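In: no sequence on this one, just coordinates:
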Ligand SMILES: *Cc1c(COP(=O)(O)O)cnc(C)c1O
């Protein structure tokens, strides 16, 4: 038995099978490259679903974490700590908003957004108690809690986990008329991914997000943008909403906010929204802890320079140009995305998404399939153009074009 086989067998025996990982056991990683327990090197073209936008072992982030590890790592929110105010101030400024509510995982931040919108609905908008409605889109992915899977349209994610939380209405993604029809006096929020990541990197039609912004503003409804995967540089802008000059009422952030080092998530909004909370009404033991704040502060500082957004734009143009050539060969049915982020629909005769991912792994490129025949390409933004090209060479080889 190899180390890889031993490790996978033990994981199979002693961990719940809620994932179906590719059979590679990573031991070390730096930049866009991962090394497995056998010493094989792989190009990471997934980047932890965009949690690793700044690459593995990014020196600035690791140094920020190390410095903080030697000072203080956790206080709970029972006390103030000296990294908290700076983190909230800087993150709010990056978002052009006034207030931050820090949590840990993406799902917690989405839950926080849902709770905030409901409370705002009752306290500010004047919705009758228990009637608040939140409009969401079909094909959404917002996390895995019982409330969040209640409004998922993915049967795998949802079946057997009821009873479901009421208060959500699902409309088709990208359909402004359907969304408008769903808005009523009890609607407190529209919750959307500006680009649907898990659904296969679906970019809504031009004008959709501005339309949602206009309708929600007219109807006194909060627009919540889940930028957990699309935000923080991935698409070439700080937020995917920026491409259409849309400013939502609430940003929901996670993944890359923790720099691939620690889980950090947040809801960011103005005082008229996040100001609804009083002590005791919401919280998290680890939310906004010193280590998380120190790392996320460095993430915010790195995003302020615009260099990562610029890189995502330039490399993204190249990536999409190359992928679109594959549509011409017939190996690929469609390519979607923005910046250094692409959903690639493989022509079924060339294999399932899983098979393509496995064949890429044999060629030392790591990606992950989503929804049958789609693979998602989202390398760390620090990837070199040469490495990206090498990865694309492997994709072409696997597709026989
Ligand atoms: C990953 C993701 C989440 C959930 O984040 P977790 O940290 O896995 O809980 C929510 N929304 C979007 C858009 C995501 O991509």
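Out: Happy to help now that I have it. For clarity, every value in this text was computed on a predicted model and none was experimentally measured.
In: Give me the buried stretch members for stretch 96-105, please.
Out: Burial within stretch 96-105, assessed by neighbour count using 16 or more other C-beta atoms under 10 Å, is assigned to 97-105. Bear in mind the C-beta positions are built from the backbone N, C-alpha and C, glycine included.
In: Endpoint to endpoint, that stretch covers what distance?
Out: 22 Å (C-alpha to C-alpha, to the nearest Å).
In: circling back: tell me which of the buried residues of stretch 96-105 is nearest to the ligand?
Out: When the buried residues of stretch 96-105 are compared for distance to the ligand (C-beta to the nearest ligand atom), residue 105 wins out at 3.8 Å.
In: Can you report how many residues lie near residue 327?
Out: Around residue 327 sit 15 other residues, with neighbours defined as other C-beta atoms under 10 Å.
In: typo on my end, it should be residue 27
Out: 12.
In: ditto for the one 4 residues further on
Out: For residue 31, the count of nearby residues is 19 (other C-beta under 10 Å).
In: residues contacting it?
Out: Residue 31 makes contact with 55-57, 380, 382-383, according to C-beta atoms under 8 Å, 6 or more residues apart in numbering.
In: one more time with 7 Å
Out: By C-beta atoms under 7 Å, 6 or more residues apart in numbering, the residues touching residue 31 are 55-56, 380, 382.
In: burial of residue 373, as a residue count?
Out: 21.
In: Check residue 338 too.
Out: Neighbour count of residue 338, defined by other C-beta under 10 Å: 21.
In: what about residue 134, distance to residue 111?
Out: 12 Å (C-beta to C-beta, to the nearest Å).
In: how about the residues of the stretch 201-350 of the chain that lie near the ligand?
Out: Contact residues (C-beta under 6 Å from any ligand atom) of the stretch 201-350 of the chain with the ligand: 226, 228-229, 254-255.
In: returning to what we had before: let me know the closest of the contacts of residue 31 to the ligand.
Out: residue 380 (16.1 Å).
In: so the closest one makes contact with residue 52?
Out: Yes: Residue 380 is within contact range of residue 52, at 5.2 Å (criterion: C-beta atoms under 7 Å).
In: Run through the residues that contact the nearest residue to residue 331 once chain neighbours are set aside.
Out: Nearest non-adjacent residue to residue 331, counting by C-beta to C-beta, 6 or more residues apart in numbering: residue 399, 3.9 Å away. Residues in contact with residue 399 (C-beta under 7 Å, 6+ apart) are 326, 331, 350.
In: Residue 8 now?
Out: 23, 25.
In: Surely it is in a strand?
Out: No: counting by DSSP: H, G, I helix; E, B strand; the rest coil, residue 8 is not part of a strand but helix.
In: mind listing what's buried in stretch 37-46?
Out: Neighbour-count burial for stretch 37-46, with 16+ other C-beta under 10 Å as criterion, is recorded at 42-46.
In: Distance-wise, check residue 96 relative to the ligand.
Out: 20 Å (C-beta to the nearest ligand atom, to the nearest Å).
In: cool, residue 215 as well?
Out: Plainly put, residue 215 is 21 Å away from the ligand if you go by C-beta to the nearest ligand atom.
In: Can you verify my assumption that that residue contacts residue 182?
Out: No: counting by C-beta under 7 Å, residue 215 does not reach residue 182; the two are 10.0 Å apart.
In: number of nearby residues for the residue nearest to residue 51 when sequence neighbours are not counted?
Out: Excluding the flanking residues, the one nearest residue 51 by C-beta to C-beta, 6+ apart is residue 255, at 4.1 Å. Under the neighbour criterion other C-beta under 10 Å, residue 255 is assigned a count of 28.
In: what do you get for residue 278?
Out: As a burial measure, residue 278 scores 8 neighbours (other C-beta under 10 Å).
In: can you list the domains in this structure?
Out: The chain breaks down into these domains under automatic domain parsing: 3-58+307-399, 71-304.
In: gap between residue 357 and the ligand?
Out: 18 Å.
In: before we move on, what about residue 43?
Out: Distance, residue 43 to the ligand, using C-beta to the nearest ligand atom: 22 Å.
In: check contacts around the residue of the stretch 201-350 of the chain found nearest the ligand.
Out: Residue nearest to the ligand within the stretch 201-350 of the chain: residue 229 (3.3 Å; C-beta to the nearest ligand atom). Applying C-beta under 7 Å, 6+ apart, we find residue 229 in contact with 49-50, 197, 255.
In: Next step: those restricted to strands.
Out: Using DSSP state E, the subset of these located in strands is empty.
In: could these be laid out in TSV, adding pLDDT?
Out: Output for the contacts of residue 229, formatted as TSV (pLDDT from 0 to 100):
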residue	pLDDT
49	97
50	98
197	97
255	98
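In: Spatially, which two of the residues you listed are the most separated?
Out: Farthest apart among the contacts of residue 229 by C-beta to C-beta are 197 and 255. That separation is 9.6 Å.
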